[in-house]
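A.B. asks: 3D model of this:
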Amino acid sequence: MPQAARRSVPKPRLSAQALWEYAVKALAVRAHSTGELRRKLTVKAENSGDIEAVIQRLYDYGYLNDRRFAESYAGARLDNQGFGKTRVLRDLRERKVSSDLAAQAVSKIYEKVDEKDLIESYIRRKIRTKKPLAEALAEPAQLASAYRKLIRAGFEGSSVIRALKRIAKRQDLLDDFEPPEEEGTEKDLA
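C.D. replies: Numbers count the residues shown, from 1 in each chain. Here you go, the predicted structure:
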């Protein structure tokens, strides 16, 4: 077909009742934050005034709860992927959870988690090598790769360096990874 013949037909907008049904189906597929669901409903709504009414109704029925969503999401990311706090916070913000609520949920879920053990577990799962891990991390490229993976997984740079120093044979290679100290730190003031 020629390009001119392919015209996109605008999708019909949804009435208040159809918008409610769409929202319930979306929540049945997977949990959403209020912000995520609002964004989806905005695209579908015939009347923008219906969006808040649908969201309020979902709250009233207990189908939508950002606190429960954030805690569940953070717990799943910790249990299933073993991610660090920073990654989970960023992911929650991408899912339109407020920064304060995301921080509270992550603090609650990670309060009894030993970050050192979490980092070491993550390294052992994600660094695939036939050699012992300490030998594999003796190679500068492998060590740099491990560092980048851990940072992307949401772990603090200083914690990552400490963990890698415990495992790697060539700890001297990690000196280049140390972030520069910021002015006004406790060391500068002492």
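
A.B. asks: So for stretch 132-141, what gets flagged as buried?
C.D. replies: Going by neighbour count (16 or more other CB atoms under 10 Å), the buried part of stretch 132-141 is Leu133, Ala136, Leu137, Glu139. Just so you know, the C-beta spots here come from the backbone N, C-alpha and C atoms, and that holds for glycine as well.

A.B. asks: And that stretch, end to end?
C.D. replies: 16 Å (CA to CA, to the nearest Å).

A.B. asks: taking the mean pLDDT, what do you get for that stretch?
C.D. replies: Mean pLDDT, stretch 132-141: 80.

A.B. asks: what's the residue lying closest to Glu120 once chain neighbours are set aside in contact with, if anything?
C.D. replies: In this structure, Glu120 finds its nearest non-sequential neighbour in Ala163, 5.8 Å apart by CB to CB, 6 or more residues apart in numbering. Contact partners of Ala163, counting by CB atoms under 8 Å, 6 or more residues apart in numbering, are Lys116, Ile119, Glu120, Ile123, Leu150, Phe155.

A.B. asks: Most neighbours out of these, which is it?
C.D. replies: Within the contacts of Ala163, Phe155 tops the neighbour count with 26 neighbours, counted by other CB atoms under 10 Å.

A.B. asks: Name all residues that make contact with it.
C.D. replies: Contacts for Phe155 (CB under 8 Å, 6+ apart) come out as Gly84, Thr86, Arg87, Glu115, Leu118, Ile119, Tyr122, Ala163.
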